[in-house]
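In: give me a model of this one.
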Amino acid sequence: MNEKQKEVMLIAQEECAEMIQAISKCFRFGPDDEYNGLTNKQRLEEEVGDLLCMIRLMMNQGMVDENNVHKASVQKQIKLERWSNVFSKETAVN
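Out: You can find the predicted model right below:
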């Protein structure tokens, strides 16, 4: 792993932690609660975008294979459809 890849992974790790914090705020105070001019939902949207950027960077730099990531995503959806109430026939993602 080169220095650029290490930096990408470090920033991705930080973004994961920030997204966890944003999710926690939504649970604790609700998505519509406002702090410093932004709602918890808006903060969560920013953090999801930041993490998505880092995931795309990892794929673009060949750190993870986009096809394998897609396959893992599909497999996760299958598990969720079986073991959770997250998906119904109307909400399944393709």
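In: name the helix or strand for residue 49, please.
Out: Assigned by DSSP states H and E, residue 49 belongs to helix 40-60.
In: the domain parsing of the chain - what is it?
Out: Listed domain ranges for the chain are 3-63, 65-94 (source: automatic domain parsing).
In: least reliable of those domains by average pLDDT, please.
Out: Least confidently modelled of the domains of the chain is domain 65-94, at a mean of 87 by mean pLDDT.
In: and residue 63, how many neighbours?
Out: When counting by other C-beta atoms under 10 Å, one arrives at 15 neighbours for residue 63. Every residue, glycine included, has its C-beta placed from N, CA and C.
In: am I right that it falls within a helix?
Out: No: assessed with DSSP: H, G, I helix; E, B strand; the rest coil, residue 63 is coil; it does not lie in a helix.
In: distance of it from residue 51?
Out: Distance, residue 63 to residue 51, using C-beta to C-beta, to the nearest Å: 15 Å.
In: show me the contacts for the most centrally placed residue in the chain.
Out: Taking C-alpha atoms, centre = their mean as the criterion, residue 48 is the residue nearest the geometric centre of the chain, at 5.1 Å. By C-beta atoms under 8 Å, 6 or more residues apart in numbering, the contact set of residue 48 is residue 19.
In: gap between it and residue 55?
Out: Distance from residue 48 to residue 55, by C-beta to C-beta: 10 Å.
In: quick one on the thing from earlier: ok, and which of the domains of the chain has the densest surroundings?
Out: domain 3-63 (a mean of 14; mean count of other C-beta atoms under 10 Å).
In: and the lengthiest helix in the chain, what does it pack against?
Out: In terms of residue count, the longest helix belonging to the chain (DSSP state H) is helix 3-29. Applying 3 or more C-beta pairs under 8 Å, 6 or more residues apart in numbering; DSSP states H and E, we find helix 3-29 packed against helix 40-60.
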